[in-house]
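Q: show me how the following folds:
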Amino acid sequence: MSKLVIAMALALVILCTGLGLWLLDVLRKTEKGFAAPLGAAVLLAMLQILYYPVQILHGSFTAIAVISIAVLLFSLYCTVKRYKRVFHNLFRWQTLMVLIGFLAFLYVFYNSSLELEYSDSPMYLNYISQNIEAEHINLFNLYTGKTGAEWDGLYLYQGYYHFGSFLCWFINLQPLVHVDTIVMSTWGLGSLCSIISMMFYCNVIDSFKISNKALRNVLYVFTFFFTNLYYWRVVFSFYGNTWRTLFITMMMFYIYQWLKSDRKDSVRFVIPVLGFAGIACSSSFLFISFIVLFSLAAYLFYIKQEDTLK
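A: Purely as a prediction, here's the structure:
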């Protein structure tokens with residue numbers, strides 16, 4: 001594992017914090033808890049929307065790289081402009097919990113194996129590695145790598161993996177040490193997912209304002225050292241499907257927050273951002289999120305809420 005990989009994951013957490021604070025400013029919401037989970041959704045949503053033309057036309061990896069750099073520069077601008085708030089948002093007492101949980105994640109991951117017989121790892125790792133510096137992206141079978149035999153169309157539009165390709169290419173622009181694609185893919189993207197997940201757990205637990213400290217601490221320990229450390233969440237933390245689970249959970253959480261409000265709250269605009277972010281990670285997110293939103297619509301019709309169709 002390269003220190004550069006961990007450094008890049010932590011740098012992305014900082015940029016996601018800046019993006020999250022930018023979205024909260026746009027929505028005129030004050031930050032409550034870590035802003036990085038929202039920022040990660042904004043990052044992937046923006047990338048996916050801008051990647052679509054390249055994906056549809058099987059454009060070049062160069063176009064993916066240019067778009068990625070542009071979005072990261074915008075993220076950097078948002079972060080530098082709000083650097084004091086970024087600092088205060090990241091350095092709170094929960095950050096120590098996140099750091100301890102992340103060290104536990106690294107330990108468990110280091111002592112685990114990807115060698116699962118019926119794992120989809122080869123498909124997703126090919127998705128990342130074979131698109132790097134490709135003249136035309138996605139024109140290969142994700143399992144065999146055979147060119148001119150693209151996979152099912154449902155798997156051609158996950159920008160998360162193209163962003164992974166970009167990160168693998170970008171980290172090797174420095175001349176000091178070569179970072180293997182599999183290391184950047186598994187450790188880098190996996191570390192980012194683990195940290196963002198733990199930050200979101202903090203936000204959820206804190207949102208309930210639990211006065212019983214013992215209960216609150218039990219929830220922290222349970223989510224950080226069990227929920228976030230079972231095999232799937234560690235070894236396959238780099239999967240888009242793992243991010244899919246996170247974004248579905250975030251969607252349901254923000255729907256709950258909106259229903260708790262007067263239903264005029266601008267937090268509802270977070271939901272489409274999470275929609276694009278989830279689709280960027282997993283094709284099946286489209287169907288799962290539709291079920292969630294359909295259920296919400298049915299409930300709003302039942303209580304005769306205005307603007308339900310909107």
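Q: isn't residue 36 up against residue 18?
A: No - under the criterion of C-beta atoms under 8 Å, residue 36 makes no contact with residue 18, lying 9.1 Å away. Quick note: C-beta positions are derived from backbone N, CA and C, even for glycine.
Q: can you give me the end-to-end distance of stretch 198-214?
A: Stretch 198-214 has its terminal residues 19 Å apart, counting by C-alpha to C-alpha, to the nearest Å.
Q: what's the answer for stretch 51-69, then?
A: Using C-alpha to C-alpha, the end-to-end distance of stretch 51-69 comes out at 12 Å.
Q: same for the host helix or strand of residue 164, what does it pack against?
A: Per DSSP states H and E: residue 164 is located in helix 159-171. Here helix 159-171 touches helix 3-26, helix 36-56, helix 61-81, helix 121-129, helix 240-260, helix 270-281, going by 3 or more C-beta pairs under 8 Å, 6 or more residues apart in numbering; DSSP states H and E.
Q: closest one to residue 87 among these?
A: With respect to residue 87, and counting by C-beta to C-beta, the nearest of these is helix 3-26 at 9.2 Å.
Q: could you dump that closest one to CSV, C-alpha only?
A: Extracted in CSV, the C-alpha atoms of helix 3-26 (Å, rounded to 0.1, in the frame of the first residue of the first chain):
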residue,chain,number,x,y,z
LYS,A,3,1.3,6.4,1.4
LEU,A,4,0.4,8.4,-1.7
VAL,A,5,-2.8,6.5,-2.0
ILE,A,6,-3.9,7.3,1.5
ALA,A,7,-2.8,10.9,1.0
MET,A,8,-5.0,11.2,-2.1
ALA,A,9,-8.0,9.7,-0.3
LEU,A,10,-7.6,12.2,2.5
ALA,A,11,-7.1,15.1,0.0
LEU,A,12,-10.4,14.0,-1.7
VAL,A,13,-12.1,14.1,1.8
ILE,A,14,-11.0,17.7,2.2
LEU,A,15,-12.2,18.6,-1.3
CYS,A,16,-15.5,16.9,-0.6
THR,A,17,-15.9,19.0,2.5
GLY,A,18,-15.4,22.2,0.5
LEU,A,19,-18.0,21.0,-2.1
GLY,A,20,-20.4,20.0,0.7
LEU,A,21,-20.2,23.4,2.3
TRP,A,22,-20.7,25.0,-1.2
LEU,A,23,-23.9,23.0,-1.7
LEU,A,24,-25.2,24.0,1.8
ASP,A,25,-24.5,27.7,0.9
VAL,A,26,-26.5,27.3,-2.3
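Q: quick check: angle from it to helix 270-281?
A: 150 degrees (axes from the mean of the first three to the mean of the last three C-alpha atoms, to 10 degrees).
Q: flag every buried residue along helix 3-26.
A: For helix 3-26, burial by neighbour count (16 or more other C-beta atoms under 10 Å) applies to 4-6, 8-9, 12-24.
Q: check stretch 204-214 too.
A: 204-206.
Q: those in strands, which ones?
A: Among those, no member falls in strands (criterion: DSSP state E).
Q: which ones among those residues are found in helices?
A: Using DSSP state H, 204-206 are the members of the buried residues of stretch 204-214 that sit in helices.
Q: verify the stated contact: residue 104 with residue 226.
A: No - contact criterion C-beta under 8 Å: residue 104 and residue 226 do not qualify, at 10.5 Å.
Q: so between the two, which is more surrounded?
A: Set side by side, residue 104 and residue 226 show more neighbours around residue 104, with 17 against 10, by other C-beta atoms under 10 Å.
Q: checking that one next. Helix, strand or coil?
A: Secondary structure for residue 104, judged by DSSP: H, G, I helix; E, B strand; the rest coil, is helix.
Q: from residue 251, how far off is it?
A: 27 Å (C-beta to C-beta, to the nearest Å).
Q: over to residue 165?
A: Noted for residue 165: a distance of 26 Å to residue 251, by C-beta to C-beta.
Q: again, but for residue 156
A: According to C-beta to C-beta, residue 156 stands 24 Å off from residue 251.
Q: more neighbours: the two, which one.
A: residue 251 (25 against 17).
Q: run a quick neighbour tally on the closest residue to residue 67 other than its chain neighbours.
A: Excluding its sequence neighbours, the residue lying closest to residue 67 (C-beta to C-beta, 6 or more residues apart in numbering) is residue 50, at 4.7 Å. Residues lying near residue 50 (other C-beta under 10 Å) number 17.
Q: any stretches of this structure with poor pLDDT?
A: The model of the chain has pLDDT under 70 over residues 1, 114-118, 149-152.
Q: how about a cut-off of 80?
A: The model of the chain has pLDDT under 80 over residues 1-2, 31, 113-122, 141-155, 262-265, 306-310.
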